[in-house]
Structures are given as structure tokens and as C-alpha cells.
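Novice: Sequence plus the predicted model coming up.
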Amino acid sequence: MTERAAAREWLRQQVQRLRPHAGGAKAEEQGVLPPPKPTVAVVTDSAAALPPEWVAELSAHGLLTVVPMPVIIGQDVYSDDDAELEAHISLALAAGKSVKTSRPSPGQFERAYKTAAEAGVTAVVSLHISGKLSGTLEAALLAAQRSAIPVEVFDTGTVGMGQGVGVQAAVAAALRGEAADEVLKAATRAVSNTAVYFYVPSLEQLRRGGRISMASSWLGTVLDIKPILGIKDGAVVPLERVRFAAKAIARLESLATADIGARGASRTQVSVHHFGNEDQGRAVVDSLKAASPTLAASTLTRLPAVLAAHAGLGVLVIVVADALHPDLPA
């Protein structure tokens, strides 16, 4: 079974748990009780880079809401869930046009929390992109104050599937019927054990967006030096500087492989993000799997537009995390 098929099968099994228990009273008489109904909904933002089929299945059952983050190209504002946005960003970046992002409005989160309350849950756990990289957390906190049910807002301190694994862990805990504090603990544990490594061909977009300093940007232009970056304490930080792109990508893979080895491949999942270079991203996944044949899980997804707007075309991101659960594919 492929990883994508395994993910769909896991989702099918979990969603089945939400439907009326087969057998009704007769099954209960035999001591077979239905699983607890989730009392906690999970909300996040589109920076989490979750696999689309994962989001679609759980969103349809009210377990998960992903609030889209806006992207601004020139004078036009797009939602991160716009099907045409990838093409618009690619063309704009290639042409050197202005591409910016903004936080979702508090009203968007208010609606998400209200919908969760109307669905019958008693609390919401809201997990978001690092507060040092976006104002999204602030918008969620403002909305939480006006929610009819308690909302726990959590700064994951990271991005991409570094944030996404926290969302996955939270949803898995909610499916087990756990209370909001335990759902939040599950997310916190998952996020704390992630590492994000990434490479960008040019640091100009990160500099323009204020995600790195002018000095760091300048160092990336000298003698074709290509920095490998990471996320530390919620901010983008340089990890290493390597000359030439091919060597930088090889070093990126090497750092991730060493991390996988330290954790134990069978207990580790990886996620690779790309934007405008899917074949290159697939090659990175293949390389990581070849170096660590017992890797628990791996996924390849497009970097969300709201992150690609800052990273630019040709970005490669590797997120290394502890495997969440043997029956929960990454």
C-alpha cells in the first residue's frame, strides 16, 4: 500500500468511528461500546502545509478547520486556498513583482470557532504559525476572547509540517475523546520534537519580507554562497553556508539524514515541501528514503503559497519529526 493510500485508509477508519455505532444496542449488550465522540475541534492556518486529502476528510466532519492566509500580489489579494494562486505567485516571482502576505482577520477565526461550537464540541484548540513570523496568532487570540466556548490558542513556534505534525497530533488526541488540555499537550509534544531545514536559491524574498536581516541576505550573495536555514525559537536562522546550489541541497539532505539517524529511522517521519520544483522535491524524498530505508513515513507536498511568497521559487524544505503513531501516517 502506498503512503497516500495508507493515509486515506487511516482517515476512513477514524471517520468511521464518528458514525453511529454499528449494531446499536445489541452490540452494547455484548460489551462493544462505541468510541467516545470528540468534544474538541482543532483550528489551524494554511501555513501548516497539511496534505490536502487529510484536510478535506477531517474538515468535512467538523474535526479540523484550516483558516486560509491571504497573499497580496501587486494590488490583488488572494486567499491561500485559491486554486490558481500557485500559478499567480510563480509568474509574479519570476517577473520580480511584489508578493506579500497578511494575517487572516480575527473575524475568520471567530467564524471558525462559532462553527465548532454549533457542531457541538465544548472546546477548541487553535494551533498557529510562529508569532515571530506572522500576526496570525494575534488575530486568533482576539477571536478567542469572543468565542462562546473555550479556545486554547497555541504558538507552535514553527511553520510548514513542523506546525502540521502538531495539528495531526491534536486531531488524533481529539479523536480519542481527550479533553482540550490533553489535546494541547499532544500538539505541544509533537511540535517540540520537530526540526525544520530549508534551502532557497535566493534570499531576496526573505529579506524583502523582513524574515531575515539585511546582513544575512547579503552573505547569501557572496561568491555564490547558499545558506541552509532553519527555524529556532520561532525565527528563521542560518545553519550553514555552502558554496553552490548542488552542494547546498546535498548538505540539506545530509543534515536531515543525520537527524533521522539520531532519532531512529523507524520512529521518524519526514515531510518535504517544494514550490515550482516538484521533481527536485521528489528526488530529495527518494534520497532520504534510500539513506534511511526503515523510515516510518514520508510525504511530499507543495509549500503553502503564504510561505512560498517569502521563500521564493525553488525552495526545498525538510521537516523531521518523531512518528506520531504507527497507525497515523504523516
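Specialist: That came through fine.
Novice: hang on, Pro201 in a strand?
Specialist: No - Pro201 sits outside any strand when classified using DSSP: H, G, I helix; E, B strand; the rest coil, being coil.
Novice: could you check the distance from it over to Pro304?
Specialist: According to C-beta to C-beta, to the nearest Å, Pro201 stands 18 Å off from Pro304. (C-beta placed from N, C-alpha, C; glycine too.)
Novice: Compare the two (neighbour count), which wins?
Specialist: Comparing Pro201 with Pro304 by other C-beta atoms under 10 Å, the one with more neighbours is Pro304, at 28 against 18.
Novice: Could I get the contacting residues of Ala143?
Specialist: Contacts of Ala143 were listed using C-beta atoms under 8 Å, 6 or more residues apart in numbering, and they are Pro106, Gly107, Gln108, Phe109, Glu110, Ala112, Tyr113, Val151.
Novice: Give me the subset of those residues that lies in helices.
Specialist: Judged by DSSP state H, those include Pro106, Gly107, Gln108, Phe109, Glu110, Ala112, Tyr113 as members of helices.
Novice: between those, which is closest to Leu63?
Specialist: Of all the ones in helices among the contacts of Ala143, Leu63 sits closest to Ala112, with 12.3 Å by C-beta to C-beta.
Novice: Would you confirm that that closest one contacts Val67?
Specialist: Yes - counting by C-beta atoms under 8 Å, Ala112 touches Val67, with 5.8 Å between them.
Novice: shared neighbours of the two, anything?
Specialist: Common neighbours of Ala112 and Val67, using C-beta under 8 Å, 6+ apart, are Val43.
Novice: buried ones in the helix or strand where Leu91 lies?
Specialist: Assessed by DSSP states H and E, Leu91 sits inside helix 85-94. Residues of helix 85-94 classed as buried: Leu85, Glu86, His88, Ile89, Ala92, Leu93 (neighbour count, 16 or more other C-beta atoms under 10 Å).
Novice: any chance of those in CSV, with distance to Ser102 and pLDDT too?
Specialist: CSV is the format used below for the buried residues of helix 85-94 (distance: C-beta to C-beta, whole Å; pLDDT from 0 to 100):
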residue, distance to Ser102, pLDDT
Leu85, 14, 79
Glu86, 18, 77
His88, 16, 84
Ile89, 14, 81
Ala92, 16, 82
Leu93, 17, 76
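Novice: Output the helix holding Leu91 as CSV - backbone C-alpha positions only.
Specialist: This file holds the C-alpha atoms of helix 85-94, laid out as CSV (Å, rounded to 0.1, in the frame of the first residue of the first chain):
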residue,chain,number,x,y,z
LEU,A,85,-2.7,31.1,-6.6
GLU,A,86,0.3,28.9,-7.2
ALA,A,87,0.4,29.9,-10.9
HIS,A,88,-0.1,33.6,-9.9
ILE,A,89,2.7,33.5,-7.4
SER,A,90,5.1,31.7,-9.8
LEU,A,91,4.5,34.2,-12.5
ALA,A,92,4.9,37.2,-10.1
LEU,A,93,8.1,35.9,-8.5
ALA,A,94,9.6,35.0,-11.9
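Novice: Show the buried residues in the ones in helices among the contacts of Ala143.
Specialist: Burial by neighbour count, 16+ other C-beta under 10 Å: within the ones in helices among the contacts of Ala143 this picks out Pro106, Gln108, Phe109, Glu110, Ala112, Tyr113.
Novice: Please report how far the third one lies from Ala143.
Specialist: Translated: Phe109. Distance of Phe109 to Ala143, given as C-beta to C-beta: 4 Å.
Novice: Return the list of helices and strands in contact with the longest helix along the chain.
Specialist: Determined from DSSP H, the single longest helix within the chain is helix 245-263. Packing contacts for helix 245-263, counted by 3 or more C-beta pairs under 8 Å, 6 or more residues apart in numbering; DSSP states H and E, involve strand 194-199, strand 225-232, strand 235-243, strand 268-274, helix 278-291, strand 316-322.
Novice: Redo the ones you listed as a markdown table? Include mean neighbour count, distance to Val167 and mean pLDDT.
Specialist: Shown next, in a markdown table, are those (neighbours: other C-beta atoms under 10 Å; distance: least, C-beta to C-beta, whole Å; pLDDT from 0 to 100):
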| stretch | mean neighbour count | distance to Val167 | mean pLDDT |
| --- | --- | --- | --- |
| strand 194-199 | 22 | 12 | 95 |
| strand 225-232 | 20 | 16 | 86 |
| strand 235-243 | 16 | 21 | 86 |
| strand 268-274 | 26 | 12 | 96 |
| helix 278-291 | 16 | 21 | 96 |
| strand 316-322 | 25 | 12 | 97 |
